[in-house]
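S.K.: Just a sequence and a predicted model for now, questions to come.
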Amino acid sequence: MVTVVDGEVVEEYDKFIKINENLPQKIVEITSITDEILNRDGVSEEIMACDLKERLTKDTLMVAHNTQFDLSFIYELLKRHFPTEAYDIVSNLNWLDTLSVFKDRKAYPHKLIDAVNYYNIEKVNFHRAIDDTRALFEVTQALQNERDDLKEYINIFGYNPKYGVNGTRFSFIEYKSQPFNYSMTSSSNILPKK
């Protein structure tokens, strides 16, 4: 995670979580993360949950690409350690899904790497979360520079009508069917206005 204040990155948070099992060899090959790294540099899940709880303060704007996944992941992690507070923590935040924005602007495919390539952002190691996060910050800036309508997407997530919403549906998020577009949608027909 990176913390951005007034358009400037003021903190980077990048930690591994220790797990009680060995990583599958395929994961090691893809990420170069090893059991040794997790044991040496990792923190307990409880410490991670406490760190998140401290950082996720009311009125924070959380930005992710396919935010439904990240929101569900964060919620489940918090729920294991703060069962009575988890929903309040995530519902007091604002959420922006750059995938929904990107789908309103560009032709398929819509993965983060596609946005990085489209906006000519410096190459990224997509197998490390902090590198994804740095790239996402730049993608978000590019989306904002392209058209000033990101605020309209806050707490609105698009989903593929063929597959529906994955994971928990959150009452503070408005879910809208979002078929693929083949060019930039006019500002009068973006997902939030449908």
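M.R.: Ah, there it is.

S.K.: hey, let's count contacts and neighbours off CA atoms from now on
M.R.: Will do.

S.K.: Check what contacts the longest helix seen in the chain and list those residues.
M.R.: Longest helix in the chain, counting residues (DSSP state H): helix 129-146. Outside helix 129-146, the residues within contact range by Cα atoms under 8 Å, 6 or more residues apart in numbering are 1-2, 12-14, 64-65, 98, 101-102, 112, 115-116, 119, 121-122, 124-126, 150.

S.K.: next helix or strand past it?
M.R.: Counting by DSSP states H and E, the next helix or strand C-terminal to helix 129-146 is strand 156-159.

S.K.: what residues does that following strand touch?
M.R.: Contacts of strand 156-159 with the rest of the structure, by Cα under 8 Å, 6+ apart, involve 67-68, 95-97, 100, 165, 173-179, 191-192.

S.K.: Could you do stretch 172-182 as well?
M.R.: With Cα under 8 Å, 6+ apart, stretch 172-182 has contacts from 91, 100, 103-108, 155-161, 164-165, 191.

S.K.: ok, of the residues you listed, which come out buried?
M.R.: Using 16 or more other Cα atoms under 10 Å as the burial test, the contacts of stretch 172-182 include 91, 100, 103-106, 155-159, 165, 191 as buried.

S.K.: so where do the helices sit in this structure?
M.R.: Along the chain, the stretches classed as helices by DSSP H are 25-31, 35-41, 45-55, 67-81, 86-91, 98-105, 112-118, 129-146.

S.K.: What's the end-to-end length of stretch 156-174?
M.R.: End-to-end distance for stretch 156-174, by Cα to Cα, to the nearest Å: 5 Å.

S.K.: Measure how far it is from the centre of its chain, please.
M.R.: Stretch 156-174 sits 14 Å away from the centroid of its parent chain (Cα atoms, centre = their mean, to the nearest Å).

S.K.: mean confidence for it?
M.R.: Per-region confidence: stretch 156-174 scores 95 on mean pLDDT.

S.K.: same check, this time on stretch 116-123
M.R.: Mean pLDDT, stretch 116-123: 90.

S.K.: What residues sit buried inside it?
M.R.: residue 116.

S.K.: Which residue, other than its chain neighbours, is closest to the residue nearest in space to the middle of the chain?
M.R.: Central residue of the chain (Cα atoms, centre = their mean): residue 64, 2.2 Å from the mean position. Among residues not flanking residue 64 along the chain, residue 97 sits closest, at 5.5 Å (Cα to Cα, 6 or more residues apart in numbering).
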